[in-house]
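Novice: Compute the structure for the input listed below.
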Amino acid sequence: MKRKVIVIGGGIAGLSAGIYAQRCGFDVTILESHSIAGGNCTSWKRKGYLFEGGMHWLTGSNPNEPVHKLWQTVGALDDSVTIHCPEPFMEYNHHGTPIRLYRNVDTTEKHLISVSPADEKEIKRLCGNIRKVQNLMTPITDIRGVKVTQKSRPSIGLLFSSLSAMHLMKSFANVSRDEYVNRFSHEGLRCLIRSCTDDGMGVVPLFFTFGTLARGDGGFPEGGSLPFVDRMVKTFTGAGGTLLLSTPAERVLIENGGAVDVVVGGERRMPADAVIVTADTLAIDHLFDAPLKSPWLDQMRKVTKPTMNVLLSFGIDADLKQYNRGCIFQPDKPIHVGRQTYEYIAFTNYSHDPVYSPKGKTALAVSLSGDTYDFWLKAKEEDRYEAEKQRLADLVTETLAALIPETSGRVEVCDVATPLTYVRYCGNWKGSWMTDMTRDIRAESYPAVIKGLSGVYFAGQRMMPPGGLPVALMSGRTAVQYLCRDTDTVFVSEA
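Specialist: All right, here's what the predicted structure looks like:
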């Protein structure tokens, strides 16, 4: 008989683990607490508008990327999916003058020099740093000891790119954001770089982000999250897997150091030969009779700083195609949420994709990143949560009207998702959906297993900082490789 595997969580990591395990001959059931699959990779509809809640751009959208083959294996991408790569990627409005960051680094360099010839030397250094990492693709590897149908090895070129990236990271390890920003004389360039970075993480993430774009990756699959996830669901169920929605796992029963059953619906026990937990690794203690202990879990709990945001989604009765897809403005007055202060407003304009709004209208999203969890939790406890959401919605609506006159009086719907929203629907730790790359954290994978605990495996975006969709995808694959190694099963590699 086939070994029974239960996957807890139907997000990208859970679907990835389910698909790979099913391909390897296991009998897989995915338990998802929400009424739809996808986890953080999701969207929702409000009054005729579709609001994108999870996908901003996708690593692995370029067919030349190693991760692209994995997205194809799980069915998320195929030749029928249109990938949009709009230019410029981002535009900052500096007192009416647009300053743009293009996917093409040569175009960015020429444009920025035209804006500020006095900063030519520093602009060339910036673009040179981007070029140093633009060939650094995410490698696909296999764990030690697993039998595979085809081995995955990083190329020699990727190894050299990794060395270049490590040298760059070392060079900027002690360079603060403000120190770097002040290397530029043009106020607009300083504001643009400051708005795209975080002081706690420095400027290295900026180089890596635009390095990804410079090599032609980081596109946006047409339709966004919902069809992306739906294709993965069809791949899983089409291979014989079972997806149970609105079915939260309550406990994983452990006997003699190994998993035996998963409890759902009170006392209903589902037998399992193995369990793959893909829920947020920092929010899974309730699944076990005693909190899990492991050196890598202790380290994760110690160093992880959550990436969270408040997402304000607007349905606007106006066509905003004249505005770039990604725009940054500096309002006259900063916006405050709890202890967080926002000097810049960045919005994503979905008017170029007809899926997101009725004809002649626009879906627009404003993301306010920062740790506001305690603020919203206190507001909830003091019964002023909805009032605070409305206050923020009104403030951002007023700010948008001043920055984008076409929105004035044309907002038909405003939806506010706080960190508590992500806790409610996804069970994320503090409502966070990624991990901040602070200077004391490394982009290294945590193990998918705990020593002394058999039959339990871990996956999810938390398993390698900073997280995100590709980490979720690869962690599901890695968990199944551990499962295959422990059961002497051949892992069926990507075609």
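
Novice: same for the worst-scoring helix or strand of the chain on mean pLDDT, what does it pack against?
Specialist: Lowest by mean pLDDT, DSSP states H and E among the helices and strands of the chain is helix 156-171, with a mean of 77. Helix 156-171 is packed against helix 120-133, helix 204-214, with contacts defined by 3 or more Cβ pairs under 8 Å, 6 or more residues apart in numbering; DSSP states H and E. All C-beta spots, glycine's among them, are computed from the backbone N, C-alpha and C.

Novice: Not counting its own residues, what contacts the last one?
Specialist: Read that as helix 204-214. 59, 89, 101, 103-105, 108, 129-136, 165, 168-169, 172, 193, 196-198, 218, 437, 466 (Cβ atoms under 8 Å, 6 or more residues apart in numbering).

Novice: For the nearest residue to S16 once chain neighbours are set aside, the count of nearby residues, please.
Specialist: Sequence neighbours aside, G476 is the residue nearest to S16 in space, at 2.9 Å (criterion: Cβ to Cβ, 6 or more residues apart in numbering). By other Cβ atoms under 10 Å, the residues close to G476 number 31.

Novice: tell me which element I143 is part of?
Specialist: Taking DSSP states H and E as the definition, one finds I143 inside no helix or strand.

Novice: how close does it get to M474?
Specialist: 11 Å (Cβ to Cβ, to the nearest Å).

Novice: Pick the most buried one from the helices and strands packed on helix 156-171.
Specialist: Of all the helices and strands packed on helix 156-171, helix 204-214 has the most neighbours on average by mean count of other Cβ atoms under 10 Å, namely a mean of 22.

Novice: Centre of the chain to that one, how far?
Specialist: 15 Å (Cα atoms, centre = their mean, to the nearest Å).

Novice: Work out the sheet partners of the next helix or strand after that helix and label each with its direction, please.
Specialist: Later in the chain than helix 204-214, the nearest helix or strand by DSSP H and E is strand 220-221. The pairing partners recorded for strand 220-221 under DSSP bridges are strand 83-84 (antiparallel).

Novice: If you count neighbours, what's buried in stretch 91-101?
Specialist: 91-94, 99-101 (16 or more other Cβ atoms under 10 Å).

Novice: burial of P66, as a residue count?
Specialist: 18.

Novice: Would you list the phi and psi of the residue nearest to it when sequence neighbours are not counted?
Specialist: Spatial nearest neighbour of P66, chain neighbours left out: I140 (4.6 Å); criterion: Cβ to Cβ, 6+ apart. Main-chain torsions, I140, degrees, to the nearest 10: phi -110, psi 120.

Novice: Report the separation between I140 and G452.
Specialist: I140 is 29 Å from G452, by Cβ to Cβ.

Novice: Between those two, which has more neighbouring residues?
Specialist: The residue with more neighbours, out of I140 and G452 and counting by other Cβ under 10 Å, is I140; that gives 17 against 9.

Novice: Now that we're looking at that one, what pLDDT does it have?
Specialist: In this model, I140 is scored at 92, pLDDT.

Novice: So it sits against T73, correct?
Specialist: No: with contact defined as Cβ atoms under 8 Å, I140 does not count as touching T73 (10.4 Å).

Novice: Give the residues shared as contacts by the two.
Specialist: E494.

Novice: in the least confident helix or strand of the chain, what's buried?
Specialist: So for helix 156-171, counting by 16+ other Cβ under 10 Å, buried means 158, 161-162, 165, 168.

Novice: elements contacting the helix or strand just after it?
Specialist: From helix 156-171 onward toward the C-terminus, using DSSP H and E, the following helix or strand is helix 177-181. The contact analysis (3+ Cβ pairs under 8 Å, 6+ apart) places helix 177-181 against helix 187-195.

Novice: residues in contact with the helix it packs on?
Specialist: With Cβ under 8 Å, 6+ apart, helix 187-195 has contacts from 92, 94-95, 97, 99, 101, 112, 115-116, 119, 123, 177-178, 180-182, 184, 203, 206, 328, 330, 343-344, 346.

Novice: let's go with 6 Å and repeat that
Specialist: Contact partners of helix 187-195, identified using Cβ atoms under 6 Å, 6 or more residues apart in numbering, comprise 92, 94, 99, 116, 181, 184, 328, 344.

Novice: count of neighbours near the last one?
Specialist: Using other Cβ under 10 Å, Y344 has 17 neighbouring residues.

Novice: what do you get for T73?
Specialist: Neighbour number of T73 under other Cβ under 10 Å is 20.

Novice: Flag the shaky bits of this structure, pLDDT-wise.
Specialist: 439-440, 495 (pLDDT under 70).

Novice: Walk me through the domains of it.
Specialist: Listed by automatic domain parsing, the domain ranges of the chain are 4-41+65-80+222-304+437-486, 86-215, 309-430.

Novice: how about the helices of this protein, start to end?
Specialist: Ranges of helices in the chain, per DSSP state H, are 12-23, 66-73, 105-115, 120-133, 156-171, 177-181, 187-195, 204-214, 225-238, 295-303, 373-381, 385-403, 419-426, 469-486.

Novice: Out of these, which gets nearest to P334?
Specialist: P334 sits nearest to helix 385-403 of all these, at 9.9 Å, using Cβ to Cβ.

Novice: Dump the closest one to CSV, restricted to CA.
Specialist: Taking C-alpha atoms only, helix 385-403 is exported to CSV below (Å, rounded to 0.1, in the frame of the first residue of the first chain):
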residue,chain,number,x,y,z
TYR,A,385,-10.1,48.2,15.2
GLU,A,386,-12.6,49.1,12.5
ALA,A,387,-12.5,52.8,13.4
GLU,A,388,-8.7,52.8,13.0
LYS,A,389,-8.9,51.1,9.7
GLN,A,390,-11.5,53.7,8.5
ARG,A,391,-9.3,56.5,9.8
LEU,A,392,-6.3,55.2,7.8
ALA,A,393,-8.4,54.6,4.7
ASP,A,394,-9.7,58.2,4.8
LEU,A,395,-6.2,59.5,5.4
VAL,A,396,-4.7,57.6,2.5
THR,A,397,-7.7,58.4,0.2
GLU,A,398,-7.1,62.1,1.0
THR,A,399,-3.4,61.7,0.3
LEU,A,400,-4.0,60.0,-3.0
ALA,A,401,-6.4,62.7,-4.1
ALA,A,402,-3.6,65.3,-3.5
LEU,A,403,-1.0,63.2,-5.4
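
Novice: what comes into contact with that helix?
Specialist: 312, 329, 331, 366, 379, 407-408, 411, 414, 416.

Novice: By neighbours, which of those residues wins?
Specialist: L312 leads these on contacts (other Cβ under 10 Å) with 25 neighbours.

Novice: Spit out the contact partners of it.
Specialist: Per Cβ under 6 Å, 6+ apart, neighbours of L312: 366, 396, 416.

Novice: Put together CSV for the domains of the chain, with distance to E52 on each row.
Specialist: Converted to CSV, the domains of the chain look like this (distance: least, Cβ to Cβ, whole Å):
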stretch, distance to E52
domain 4-41+65-80+222-304+437-486, 5
domain 86-215, 14
domain 309-430, 6
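
Novice: Out of those, indicate the one that is most buried.
Specialist: domain 4-41+65-80+222-304+437-486 comes out most buried of these by mean count of other Cβ under 10 Å, with a mean of 20.
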